[in-house]
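Undergrad: return a 3D structure for these sequence lines:
(one chain, ligands or ions: 1)
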Amino acid sequence: MERRTIGAAALEVGAVGLGCMPMSWAYSGSRQRGDASLRTVHAALDASGQAATLLDTADMYGPFTNELLLGRVLKERRADAFVSTKCGLLVGDQHIVANGRPGYVKRACDASLRRLQTETIDLYQLHRADPEVPVEETWGAMAELVAAGKVRALGLCAMGARARRRPAPGRPVPGLHEATVRQLERVQQVFPVSAVQAELSVWSPEALDALLPWCAARGIGFLAAMPLGNGFLTGTLTPGQGFEPDDLRARHPRFTAEMMAANQPLVVGLRKIAERHGATPAQVALAWVLAQGRHVVPVPGAKRERWAVENAGAASVRLTAQDLREIAALPAALGSWD
Ligand SMILES: NC(=O)c1ccc[n+]([C@@H]2O[C@H](COP(=O)([O-])OP(=O)(O)OC[C@H]3O[C@@H](n4cnc5c(N)ncnc54)[C@H](OP(=O)(O)O)[C@@H]3O)[C@@H](O)[C@H]2O)c1
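TA: Below is the predicted model of the structure:
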């Protein structure tokens, strides 16, 4: 598989990573997977060939069970993986809360290392900044983890409902991404950022306006989260099919029967291009993400082994200028969190 490099430290990974979240969090059926999930992770590692596969996880997925699951694989195949995990969010009975206190971050890292059964985390990301702690303080603690050899590089996530808002054509991107750029500039003063993680897909392209170019100009990697539009862009979901209450799509404004029907032209457009390439709509959706820059690594989420294999195959799909024009001309997705 083609390789991509992350950040100034030039850490090499296969072009398509694996988002491990659906195996333990946010999607229905995620808690009953057991050995099937292990097979999915192994399949993703096998699919990268000589390159290490970026496995994206977080301590809060489960909570903790996602890292424990990966630990079972890493114990045997550490060299085949690039481990990317996150700290800074705590799952409570009712709410998820941010904790960016330096002491907490250091304890969280030690706990992640134990669960992942590894001595070093390749990329340690701040999941969310804590509004009660200056982000420089949190980042300083994370930098000390690099100095201690527990972590190789640092990243920051820019996620949230506002990331899904599509601005009117020609208008600047409001909110989240601009705030993130300001935050990135602050933490860069303390220790270099190696990667930014944010939503990027055919139906959520907002990061192209500010965040992606900001990263490209500084040699910073970009991890594209939710590159398949939470599964919608694969064309395997049916409008009105319904989702279990523990599935994030049960509350997602783009997954009502009405919005799924209204957004079908996106799937139709991807399918048309896929047919020309002998590929699947999922692979075209990922090839579009890969085409946004050499610093971009999509982390498609998958519980199933066959999806992990199919998604890795997207690295071989080369979209033409005509394909990219057709995707750019697709209608903007309908359905917003606002
Ligand atoms: N930093 C953050 O705050 C943040 C937030 C969200 C996500 N993320 C990261 O981004 C990753 C990806 O996001 P995501 O998993 O929510 O969304 P996604 O990658 O857009 O979509 C995942 C969904 O697509 C389905 N799928 C995957 N490949 C498929 C294929 N080839 N054909 C048909 N269906 C397919 C999966 O099904 P199955 O599950 O049934 O296999 C799953 O339901 C996460 O795993 C996580 O690592 C980070």
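
Undergrad: ok, which stretches of the protein are helices?
TA: With DSSP state H, the ranges of helices along the chain come out as 35-47, 65-77, 102-116, 135-147, 176-188, 211-217, 257-262, 264-277, 281-290, 305-312, 321-328.

Undergrad: what comes up buried for the longest one?
TA: Think helix 102-116. Across helix 102-116, burial judged by 16 or more other Cβ atoms under 10 Å covers 104, 105, 106, 108, 109, 112, 113, 115, 116. Every C-beta, even on glycine, is put in place using the N, C-alpha and C of the backbone.

Undergrad: make TSV out of those and add distance to the ligand.
TA: Rendered in TSV, the data for the buried residues of helix 102-116 read as follows (distance: Cβ to the nearest ligand atom, whole Å):
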residue	distance to the ligand
104	18
105	16
106	21
108	15
109	17
112	14
113	19
115	16
116	14
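
Undergrad: now the two most distant members of those residues.
TA: By the measure Cβ to Cβ, these have their two most distant members at 104 and 116, which lie 18.1 Å apart.

Undergrad: which residues does residue 240 contact?
TA: Neighbouring residues of residue 240 by Cβ atoms under 8 Å, 6 or more residues apart in numbering: 257, 260, 261.

Undergrad: so which of these is the closest to the ligand?
TA: residue 260 (13.8 Å; Cβ to the nearest ligand atom).

Undergrad: with adjacent residues omitted, what lies nearest to that closest one?
TA: Residue nearest to residue 260 in three dimensions, not counting chain neighbours: residue 239, with 3.8 Å by Cβ to Cβ, 6 or more residues apart in numbering.

Undergrad: ok, that neighbour to residue 257 distance?
TA: With distances taken as Cβ to Cβ, to the nearest Å, residue 239 is found 5 Å from residue 257.

Undergrad: looking at the two, which is more packed in?
TA: residue 239 (15 against 12; other Cβ atoms under 10 Å).

Undergrad: what residue is smack in the middle of this structure?
TA: In the chain, the residue lying closest to the centroid (Cα atoms, centre = their mean) is residue 225, at 2.5 Å.

Undergrad: any idea what that one is bridged to?
TA: Using DSSP bridges, the bridge partners assigned to residue 225 are residue 199.

Undergrad: low-scoring stretches of the stretch 51-200 of the chain, by residue?
TA: Low-confidence regions of the stretch 51-200 of the chain, defined by pLDDT under 70, span residues 160-176, 178.

Undergrad: can we see that at 80?
TA: 159-179 (pLDDT under 80).

Undergrad: same check on the stretch 201-338 of the chain?
TA: Counting by pLDDT under 80, the stretch 201-338 of the chain shows low-confidence ranges at 337-338.

Undergrad: can you find the residue of it that comes nearest to the ligand?
TA: Closest point on the stretch 201-338 of the chain to the ligand, by Cβ to the nearest ligand atom, is residue 301, at 1.9 Å.

Undergrad: and the stretch 151-300 of the chain, which of its residues are near the ligand?
TA: Taking Cβ under 6 Å from any ligand atom as the criterion, the neighbours of the ligand within the stretch 151-300 of the chain are 157, 159, 197, 225-231, 234, 236, 282, 299-300.

Undergrad: pull out the buried members of those.
TA: The neighbour-count test (16+ other Cβ under 10 Å) applied to these identifies 157, 159, 197, 225-231, 234, 282, 299-300 as buried.

Undergrad: and of those residues, the nearest to residue 273?
TA: Each of these was scored against residue 273 by Cβ to Cβ, and residue 282 proved nearest at 12.0 Å.

Undergrad: list the residues that contact the closest one.
TA: With contact set as Cβ under 8 Å, 6+ apart, residue 282 has these partners: 228, 233, 234, 235, 236, 300, 307, 310, 311, 314.

Undergrad: if we use 6 Å, what do you get?
TA: Counting by Cβ atoms under 6 Å, 6 or more residues apart in numbering, residue 282 touches 228, 234.

Undergrad: now residue 126
TA: Residue 126 makes contact with 88, 156, according to Cβ under 6 Å, 6+ apart.

Undergrad: just the helices of the chain: most buried one?
TA: Per residue and on average, the most neighbours among those fall to helix 281-290, with a mean of 26 (mean count of other Cβ atoms under 10 Å).

Undergrad: next one: that helix to chain centre, how far?
TA: 14 Å (Cα atoms, centre = their mean, to the nearest Å).

Undergrad: smallest gap between the stretch 1-150 of the chain and the ligand, at which residue?
TA: Proximity of the stretch 1-150 of the chain to the ligand (Cβ to the nearest ligand atom) peaks at residue 19, 2.3 Å away.
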